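**Q** fold the following, please.
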Amino acid sequence: MNRIILMGRLTRDPELRQTQTGTPVASFTLAVDRRFSSRDGGERQTDFIDIVAWQKTAEFVSKYFAKGQMCLVEGRLQIRDWTDKDGNKRRSAEVVADNVYFTESKRARESADSNYAPAAPRNDFNSGYSTPVSGSDFAELDDDDGDLPF
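**A** Down below sits the predicted model:
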């Protein structure tokens, strides 16, 4: 079974393009911290993983996500063989995203460390809940919890 789940921060804004047939494709990179520290310095290691999203997922990601934002990506690993401009054979690994989820609220994003905060808001979608890409009807959510007893 080829199934991958990653959670990390976008290192750049998603880049939305279209194939020659008009199919939307978005690419971005996730910075994913390892759960363990290195033996020598005790610092956490970070992996930078290339992600590719297609069709509606690509449009969703490019519209609602920006550099520095935390997200969860569910997908599969894909290995591609290709030839560079010098004729050398190359191999790359990337994750093809099936679903992309919000993992933090807009309020948390706005108060995040300036190293991770997006340069400019790309939208005013406001959600404190994990939202799968499969839904097509999004609505503004009010952050006010009202008179909840807890």
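**Q** in what helix or strand does Lys56 lie?
**A** Lys56 belongs to helix 55-64 when assigned by DSSP states H and E.
**Q** for that helix, output the C-alpha coordinates as PDB.
**A** Provided in PDB are the C-alpha atoms of helix 55-64 (Å, rounded to 0.1, in the frame of the first residue of the first chain):
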ATOM      1  CA  GLN A  55      -7.300  19.400 -10.500                       C
ATOM      2  CA  LYS A  56      -9.700  20.600  -7.700                       C
ATOM      3  CA  THR A  57      -7.100  19.900  -5.000                       C
ATOM      4  CA  ALA A  58      -4.600  22.100  -6.900                       C
ATOM      5  CA  GLU A  59      -7.100  24.900  -7.100                       C
ATOM      6  CA  PHE A  60      -8.000  24.600  -3.400                       C
ATOM      7  CA  VAL A  61      -4.400  24.600  -2.300                       C
ATOM      8  CA  SER A  62      -3.500  27.600  -4.400                       C
ATOM      9  CA  LYS A  63      -6.500  29.600  -3.200                       C
ATOM     10  CA  TYR A  64      -6.400  28.900   0.500                       C
END
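**Q** may I see the buried residues of it?
**A** Buried residues in helix 55-64, counting neighbours by 16 or more other C-beta atoms under 10 Å, are found at Thr57, Ala58, Glu59, Phe60, Val61, Ser62, Tyr64. Quick note: C-beta positions are derived from backbone N, CA and C, even for glycine.
**Q** just stretch 69-83 next, same as before
**A** For stretch 69-83, using 16+ other C-beta under 10 Å, the buried residues are Gln69, Met70, Cys71, Leu72, Val73, Glu74, Gly75.
**Q** could you do stretch 20-33 as well?
**A** Quick answer for stretch 20-33 (16+ other C-beta under 10 Å): Pro24, Val25, Ala26, Ser27, Phe28, Thr29, Leu30.
**Q** one more: stretch 82-100?
**A** Neighbour-count burial for stretch 82-100 flags Glu94, Val95, Val96, Ala97, Asp98, Asn99, Val100 (criterion: 16+ other C-beta under 10 Å).
**Q** reformat the residues you listed as TSV; add secondary structure and distance to Asp47.
**A** Formatted as TSV, those follow (DSSP: H, G, I helix; E, B strand; the rest coil; distance: C-beta to C-beta, whole Å):
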residue	secondary structure	distance to Asp47
Glu94	strand	13
Val95	strand	11
Val96	strand	17
Ala97	strand	16
Asp98	strand	20
Asn99	strand	20
Val100	strand	18
